[in-house]
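Chemist: coordinates only, sequence not included:
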């Protein structure tokens, strides 16, 4: 995230919160960049169930920094795309593949396994991705949508072309950015195609518009196909919020899943039904993911909701009581369910 300087303590605390979700790996830093990254990896690796991975370019110094930090896995990255080769790496494809081979050997000589990621993988010619898969047959090969400009239709077609070219999709990983607002959709498409892993983020924290948010992916998978991708659904919302708190990051109140407003209901029609049948106006039950809905009562509460409140405290919902409760809610609201029930007990009529 541009302009951020997370402390070691914040990184470690956030990593431990994420580990509660049961994810397979936690990418904790880029050790060659600075000591805070290295120390976060060093402190997290012994205390998490997830593998702690460290980023490294395909360069000896980067690999050594990741190994020295005690990473469980070195997450090597390079590219095979014409654009990145020319404007970022300044090398030809064969040279970069050779650098990757040398870096893989260097990490494994130190006893640390590797994962390989291709920057701009979804803007790389299919034939070159197939070549990379053939040259590194025993490793997870991650494909990044580095500039976030791919759509679900493109992702499906690209992966189908790779599979037709002999690539086992289960050994691929994907890494999407959300610049077009479709990172979650792209990841779901990739999962449906058989891709084996995906890079995700809490609340889309990441460069520009961020990366696929884990909370969106898990809830969408659970809702659409009863699949949580290995994450502990019950811990989802609390763990994500704890990770954000550790990094002193806030989320927009209308952010999917984690935002306060997405589980808050005030419309008279909504609240009247939701007191008995919340699924009618909810895409998912927040309780399934460790969260809670909030019903709000006030000036726009309707007569149906007022009746339900009065019935909820064991009183008869006469017209007089309903009218009196609506007047009190307008004057004293908005308020939550407990406050509204207290008013329903106390109205005179």
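Modeler: Everything's here; your move. Keep in mind that this is a model prediction, so the values were computed, not measured. Numbering: from 1, shown residues only.
Chemist: Only C-alpha atoms from now on, for both contacts and neighbour counts.
Modeler: Noted.
Chemist: Quick check: buried residues in stretch 147-163?
Modeler: 147-152, 155, 158-159, 162-163 (16 or more other Cα atoms under 10 Å).
Chemist: which ones among those residues are found in helices?
Modeler: Mapping those onto helices (DSSP state H) picks out 152, 155, 158-159, 162-163.
Chemist: just curious, which of those is nearest to residue 36?
Modeler: Looking at these and their distance to residue 36, the nearest is residue 155, at 35.4 Å (Cα to Cα).
Chemist: okay but that closest one is in contact with residue 191, surely?
Modeler: No - using Cα atoms under 8 Å, residue 155 is not in contact with residue 191; the gap is 10.8 Å.
Chemist: Excluding sequence neighbours, find me the nearest residue to residue 279.
Modeler: residue 285 (7.1 Å; Cα to Cα, 6 or more residues apart in numbering).
Chemist: re the thing from before, and the buried residues of stretch 147-163, which is closest to residue 295?
Modeler: Nearest member of the buried residues of stretch 147-163 to residue 295, counting by Cα to Cα, is residue 152, at 35.2 Å.
Chemist: And the closest one, how close does it get to residue 176?
Modeler: 11 Å (Cα to Cα, to the nearest Å).
Chemist: What are the buried residues along stretch 75-92?
Modeler: 75-82, 84-85.
Chemist: could you give me the average pLDDT of it?
Modeler: Averaging pLDDT along stretch 75-92 gives 96.
Chemist: Sketch out the low-pLDDT regions of the protein for me.
Modeler: By pLDDT under 70, the low-scoring segments of the chain are 266-272, 349.
Chemist: all helices of it, in order?
Modeler: Using DSSP H, helices in the chain cover 8-19, 35-44, 60-68, 82-84, 93-109, 126-135, 152-164, 183-193, 214-225, 236-246, 268-274, 303-312, 319-332, 337-346.
Chemist: Neighbours of the closest residue to residue 344 other than its chain neighbours, how many?
Modeler: Setting aside the residues directly before and after it, residue 344 is nearest to residue 310 in space (Cα to Cα, 6+ apart), at 5.2 Å. A count of nearby residues for residue 310, using other Cα atoms under 10 Å, gives 24.
Chemist: Pull the contacting residues for the closest residue to residue 312 other than its chain neighbours.
Modeler: Closest residue to residue 312 apart from its sequence neighbours, by Cα to Cα, 6+ apart: residue 341 at 7.4 Å. Applying Cα atoms under 8 Å, 6 or more residues apart in numbering, we find residue 341 in contact with 309-310, 312-313.
Chemist: ChimeraX command to pick out the buried ones of these?
Modeler: This is the ChimeraX syntax for the buried subset of these, where burial follows 16+ other Cα under 10 Å:
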select :309,310
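Chemist: got the contacts of residue 341 as CSV, with distance to residue 232 columns?
Modeler: Shown next, in CSV, are those (distance: Cα to Cα, whole Å):
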residue, distance to residue 232
309, 35
310, 38
312, 34
313, 36
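Chemist: Pick the one among the contacts of residue 341 closest to residue 259.
Modeler: Nearest to residue 259 among the contacts of residue 341, with distances taken as Cα to Cα, is residue 309, at 26.3 Å.
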